[in-house]
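Trainee: output the structure for:
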Amino acid sequence: MDVMDGSDMAERFARVWQRIERAGGDPERITLVAVTKGFGPDVVAQARALGHVDFGENYTIDLLRKAEAIAHESGSAESVRWHYLGAIQRTTARKLGAVVHLWQGVDGLGAGERIAQAAPGARLLVQVNVSGEPRKQGCTFDAAPGLVAGLRQLGLDVRGLMAVGPAGPPEDARAGFRRLAGLAGDLGLAERSMGMSADLEVAVAEGATMVRLGTALFGPRPPHP
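Mentor: So this is what the prediction gives:
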């Protein structure tokens, strides 16, 4: 069942903001992206009713379905800001070009070219593989400056860097997050999207301006069909 008790969801959001503050973060300067992967449109609507506007999705069809449902309910497609977190194929870019507020996870010029064709001037973040794990998406630290420059040459609005922490204890993510924040500063990029439900405190302490949380807000994620 998608919908939880409204007071329970409100309490979950409140606890997350408390975690952010205890870690030294300023709620006025950190964007909380609620990742609704695996949940239905009702969860988005319920969070929206609490005043939340930033939502993350990994799958094209799911994002379109939820965006349509929320736009129909609210009467405006702009009542939420969609962050796309998945792989960026040509079809994905074409279908989501007019819907996505921020493309997170751009890790190569090919993805940038697809976005530029579908949504000229789109906002995006460059994903860096901070752990060096082979299965993790993202460019290397050394490749990031050149990729940022190349994406800007395509006319895209590069807002910052994004990373997924390594598997394991939250503390294992600290060095990579610190390096990502430093690189973003060196490149003059304002946004540093890092930190999920497990490693939120480490990410905030190391300078995250954006965190992406699902489980902490909505509970265990249902399996994707």
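Trainee: buried residues in stretch 44-52?
Mentor: Using 16 or more other C-beta atoms under 10 Å as the burial criterion, the residues of stretch 44-52 that qualify are 44-48, 52. Where C-beta positions appear, they are placed from N, C-alpha and C, glycine not excepted.
Trainee: lowest-pLDDT helix or strand in the protein?
Mentor: None of the helices or strands of the chain scores lower by mean pLDDT, DSSP states H and E than helix 60-74, at a mean of 90.
Trainee: report the buried residues of that one.
Mentor: So helix 60-74, judged by 16+ other C-beta under 10 Å, has buried residues 60, 62-63, 66-67, 70.
Trainee: in helices, which of the buried residues of stretch 44-52 fall?
Mentor: If you go by DSSP state H, these have 44-48 in helices.
Trainee: pick the one among those residues closest to residue 86.
Mentor: residue 44 (16.5 Å; C-beta to C-beta).
Trainee: quick check: end-to-end length of stretch 202-222?
Mentor: Start and end residues of stretch 202-222 are separated by 26 Å (C-alpha to C-alpha, to the nearest Å).
Trainee: who touches the helix ranked longest in the chain?
Mentor: The longest helix of the chain (DSSP H) is helix 6-22. Residues from elsewhere that reach helix 6-22, judged by C-beta atoms under 8 Å, 6 or more residues apart in numbering: 27, 30, 32, 46-47, 49-50, 52, 200-201, 204, 211, 213, 216-218.
Trainee: how about low-confidence regions in this protein?
Mentor: Scanning the chain for pLDDT under 70 picks out 1-6, 74-78, 223-225.
Trainee: beyond the longest helix of the chain, next helix or strand please.
Mentor: strand 31-35 (DSSP states H and E).
Trainee: sketch out the helices for this protein, chain order is fine.
Mentor: Using DSSP H, helices in the chain cover 6-22, 41-49, 60-74, 90-96, 109-118, 144-153, 174-186, 200-205, 215-218.
Trainee: mean neighbour count, those helices: which tops it?
Mentor: Each of these was scored by mean neighbour count; the highest is helix 200-205, a mean of 23, by mean count of other C-beta atoms under 10 Å.
Trainee: next, give me the two most distant ones among the contacts of helix 6-22.
Mentor: 49 and 201 (27.7 Å).
Trainee: looking at the ones in helices among the buried residues of stretch 44-52, which is nearest residue 56?
Mentor: Set against residue 56, the nearest of these by C-beta to C-beta is residue 44 (10.6 Å).
Trainee: which ones are touching the closest one?
Mentor: 36, 55, 66, 69-70, 80.
Trainee: how far away is residue 15 from residue 52?
Mentor: Noted for residue 15: a distance of 14 Å to residue 52, by C-beta to C-beta, to the nearest Å.
Trainee: export stretch 27-44 to PDB, keeping only CA atoms.
Mentor: Provided in PDB are the C-alpha atoms of stretch 27-44 (Å, rounded to 0.1, in the frame of the first residue of the first chain):
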ATOM      1  CA  PRO A  27      17.700  23.600   6.300                       C
ATOM      2  CA  GLU A  28      17.400  26.900   4.400                       C
ATOM      3  CA  ARG A  29      20.400  25.900   2.300                       C
ATOM      4  CA  ILE A  30      19.900  22.200   1.700                       C
ATOM      5  CA  THR A  31      17.500  20.700  -0.800                       C
ATOM      6  CA  LEU A  32      15.800  17.500   0.300                       C
ATOM      7  CA  VAL A  33      15.000  15.300  -2.700                       C
ATOM      8  CA  ALA A  34      12.400  12.800  -1.800                       C
ATOM      9  CA  VAL A  35      13.100   9.700  -3.800                       C
ATOM     10  CA  THR A  36       9.800   8.000  -4.600                       C
ATOM     11  CA  LYS A  37      11.300   5.100  -6.700                       C
ATOM     12  CA  GLY A  38       9.000   2.100  -6.300                       C
ATOM     13  CA  PHE A  39       6.100   4.100  -4.800                       C
ATOM     14  CA  GLY A  40       3.000   5.300  -6.500                       C
ATOM     15  CA  PRO A  41       1.600   8.800  -7.200                       C
ATOM     16  CA  ASP A  42      -0.300   8.800  -3.900                       C
ATOM     17  CA  VAL A  43       2.900   9.000  -2.000                       C
ATOM     18  CA  VAL A  44       4.000  12.000  -4.100                       C
END
